[in-house]
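Colleague: Need a 3D model of the following:
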Amino acid sequence: MSPCPIPISTVPEALRKHVDPKSPPPLRMMASRGMVPMGPKDMVTVLTCLTFDDDEKIELAANKSLAELPERIVAGALGEKLHPLVLDHLARALPEDEKHLEAILTNRDTPDETFEYLGDRVSERLLSLITENQVRILRHPPIAKAILDNPNVIKSEVERLMDFAVRTGMDFRGMQAFEDAKQPAVGSAVYLLLLHHFQSARSVGRAEAIAVRRVDHVATHDQAIGSQRFGKTPS
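Modeller: Below you'll find the predicted structure:
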């Protein structure tokens, strides 16, 4: 088992003896079975740490306790500030409770990798929360791939995602939806180019017309001056 990636400093000092790998196994086992009194935030944090314990019995007990936590404990913990890796672990370890997953998906501290993990497996309603989070998709493009792999994704969400991909330079070459999304963008670019040339031509046309009028004016003026000098009436 890999070492727990969650810093031990995340656990209150009084409870660290229950997660410290150097502590006696009975202390860690007590905590893994949920037998140590603690609040919701500390409970899910301690249990998450213990799912990485080297002792297989402690690891299994922690996973079982985490999966069987009462809804009020999980909801209470999600209402507090949890370490990002605890949020990620809860998203993967807890049963697919939409209410809990929604709390995780709307939490700013949730890692982008959690969005990627949930992207290909959540319901249509929760998937819309992921698709709408364009900042995360741009920051972590694998989220977009996960969305497209979700069997619950609807056509309008795919089109919106592909439009966003085209506008931001993401590459989904070979996907029909991506190729379709590029067409309006290409059409718009051509339209803007033609409009620019048309406006430039109009500007040139106006400049030429002004120049012609100025030449005519100068010619008429010169003709009038010449007539006055030689006593001729301008024609």
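Colleague: the domain parsing of the protein - what is it?
Modeller: As assigned by automatic domain parsing, the chain contains the domains 1-83, 185-235.
Colleague: Could you tell me the least trusted of these?
Modeller: Mean pLDDT per stretch puts domain 185-235 lowest among the domains of the chain, at a mean of 50.
Colleague: got a list of what the residue most central in space within the chain touches?
Modeller: Of all residues in the chain, the one closest to the mean position by CA atoms, centre = their mean is residue 136, 2.0 Å from it. By CB atoms under 8 Å, 6 or more residues apart in numbering, the contact set of residue 136 is 112, 115, 130, 143. C-beta here means a position set from N, CA and C on the backbone, and glycine is covered the same way.
Colleague: backbone phi and psi for the third one, please?
Modeller: Torsion angles at residue 130 (phi, psi; degrees, to the nearest 10) stand at phi -70, psi -40.
Colleague: Settle this for me: it is touching residue 118, isn't it.
Modeller: Yes. Residue 130 lies in contact with residue 118 (CB atoms under 8 Å); the separation is 6.8 Å.
Colleague: any shared contact partners between these two?
Modeller: 105, 146.
Colleague: where's residue 18 relative to residue 5, distance?
Modeller: The gap separating residue 18 from residue 5 is 18 Å, by CB to CB, to the nearest Å.
Colleague: For the residue lying closest to residue 168 once chain neighbours are set aside, the count of nearby residues, please.
Modeller: Of all residues not flanking residue 168 in the chain, residue 138 sits nearest, at 5.7 Å (CB to CB, 6 or more residues apart in numbering). Neighbourhood size, residue 138 [other CB atoms under 10 Å]: 15.
Colleague: Check what pLDDT residue 138 gets.
Modeller: 91.
Colleague: from the chain's centre, how far out does the helix or strand harbouring it sit?
Modeller: According to DSSP states H and E, residue 138 maps onto helix 134-139. Helix 134-139 sits 3 Å away from the centroid of its parent chain (CA atoms, centre = their mean, to the nearest Å).
Colleague: For that helix, output the C-alpha coordinates as CSV.
Modeller: Only the C-alpha atoms of helix 134-139 are listed here, as CSV (Å, rounded to 0.1, in the frame of the first residue of the first chain):
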residue,chain,number,x,y,z
GLN,A,134,-15.1,25.7,-18.5
VAL,A,135,-12.2,27.0,-16.3
ARG,A,136,-11.4,23.5,-15.1
ILE,A,137,-11.8,22.0,-18.6
LEU,A,138,-9.4,24.5,-20.0
ARG,A,139,-7.0,23.9,-17.2
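Colleague: Tell me the first helix or strand C-terminal of that helix.
Modeller: Using DSSP H and E, the helix or strand that follows helix 134-139 in sequence is helix 142-149.
Colleague: helix or strand right after that following helix?
Modeller: helix 155-168.
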